[in-house]
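S.K.: Give me the fold of what follows.
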Amino acid sequence: MAYFVGKNAGIVINGQPYCLTDWALDITTEEVDLTTFCSVGQAGTVVGPVRGVNTVVGGIVGGSMTASGPYQGAAPTSGEIYTVVFYLATPTGPSFTQTFLITSVRVTQNVRDKAMLEIAGTLTAIPTL
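M.R.: The predicted structure is shown next:
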């Protein structure tokens, strides 16, 4: 599993920069298992008892993202698909660009602290890192 985290960095969602305090990009791959009752897991003749060996032919890529930080008066819309750029230090520095379905947008306010924005999403395309 690839896991990238950028503290005190930010993200750009469809061209709108968000200077957040943290984000996380979690990319996973689920194995595609084609094991059947006839699978022996080895080539050639097998003598004696055969242990089950899975036949894995590839994987289905998926992933999720979270981001949070001070609310700056703008937020993406939950339920929409966006191109999201995760950057490490500045918008022109090292970055990762992915397409996500935004699944959650939360704005919180505490009288003793600043308003906060939390964003979560699900990967919609094969990632390119």
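
S.K.: Only C-alpha atoms from now on, for both contacts and neighbour counts.
M.R.: Noted.

S.K.: The residue lying closest to Thr103 once chain neighbours are set aside sits in which helix or strand?
M.R.: Spatially, and ignoring its direct neighbours in sequence, Thr103 is nearest to Gly121 (4.8 Å; C-alpha to C-alpha, 6 or more residues apart in numbering). Here Gly121 sits within strand 116-123, counting by DSSP states H and E.

S.K.: Mind listing the strands that strand pairs with, and their directions?
M.R.: Strand pairing for strand 116-123, using DSSP bridges, gives strand 56-70 (antiparallel), strand 95-108 (antiparallel).

S.K.: quick one on the thing from earlier: so who does the residue nearest to Thr103 touch?
M.R.: Applying C-alpha atoms under 8 Å, 6 or more residues apart in numbering to Gly121 gives the contacts 64-66, 100-104.

S.K.: re the thing from before, so which of the strands paired with strand 116-123 is nearest Tyr82?
M.R.: Closest to Tyr82 of the strands paired with strand 116-123, according to C-alpha to C-alpha: strand 95-108, at 5.5 Å.
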